[in-house]
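Q: sequence plus the predicted model coming up.
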Amino acid sequence: MRYAQIRKYDVANGVGIRSTLFVTGCRFHCKGCFNEEYQDFSAGQPWSEQAEEEFLTYLKNENIVGASILGGEPLQQDEDMLHLVRRIKQETGKTIWMWTGYRYEDLNPFQKEIIQYVDVLVDGQFVLELRNLKLKFRGSENQRIIDLNQTRKQGKLVLWDSSC
């Protein structure tokens with residue numbers, strides 16, 4: 001896995017003050033992608049123990065409410081992503097928001113294993129023709145914000161309550 005940047009404090013990608021990881025590599029190549037430079041799997045720098053410890057240290061700050069993971073494409077990463085989300089939950093218990101171009105219904109078994117640690121999933125590819133700058137935490141009308149905790153609890157897809 002490779003990454004482009006880590007933001008210690010971020011208020012744009014999820015609710016509250018969060019620490020954000022931008023991974024690199026995405027095979028979707030959505031027209032109008034706001035992070036086009038992160039589509040290249042060789043961009044950025046290699047994920048390392050040092051980077052992981054730095055990110056976890058940020059998350060352990062009492063002012064940080066959770067992690068946001070986007071890119072690139074988080075669900076096109078390797079075992080490092082699974083290891084990271086597992087550690088975030090085990091060591092901090094904080095919420096994880098993740099953005100993916102995949103639709104929730106189309107995830108493969110490995111991707112489903114990753115998102116078992118994720119609280120909120122913004123799914124669906126960005127579609128330039130459906131872009132809406134007024135949307136909260138997403139770029140186009142087709143994308144959904146899924147409350148994965150409620151989805152698991154209720155056994156059906158539950159959208160996140162944006163009034164939270």
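A: Great, that's in hand. Numbers count the residues shown, from 1 in each chain.

Q: can you pull the contacts of the nearest residue to Leu70 once chain neighbours are set aside?
A: Counting by Cβ to Cβ, 6 or more residues apart in numbering, the nearest residue to Leu70 once its immediate chain neighbours are dropped is Trp99, at 3.9 Å. Where you see a C-beta, it was placed from the backbone N, CA and C, and this is true even at glycine. By Cβ atoms under 8 Å, 6 or more residues apart in numbering, the contact set of Trp99 is 13, 68-71, 74, 121-122.

Q: again, only using 10 Å
A: 13-14, 22, 35, 68-75, 120-124, 126, 137-139, 143, 145 (Cβ atoms under 10 Å, 6 or more residues apart in numbering).

Q: and Gln116, by the same measure?
A: 82, 85-86, 89, 148, 152.

Q: how close does it get to Leu107?
A: Separation of Gln116 from Leu107 (Cβ to Cβ, to the nearest Å) stands at 11 Å.

Q: can you pull the buried residues of the longest strand seen in the chain?
A: Secondary structure of the chain read by DSSP state E shows that its longest strand is strand 2-10. Judged by neighbour count (16 or more other Cβ atoms under 10 Å), strand 2-10 contains these buried residues: 2-4, 7, 10.

Q: got the residues you listed as TSV, with pLDDT columns?
A: Below are the buried residues of strand 2-10 laid out as TSV (pLDDT from 0 to 100):
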residue	pLDDT
Arg2	98
Tyr3	98
Ala4	97
Arg7	97
Asp10	97
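
Q: quick check: the farthest pair among those residues?
A: Within these, Arg2 and Asp10 form the most distant pair, 19.4 Å apart (Cβ to Cβ).

Q: residue ranges with poor pLDDT in this protein?
A: 163-164 (pLDDT under 70).
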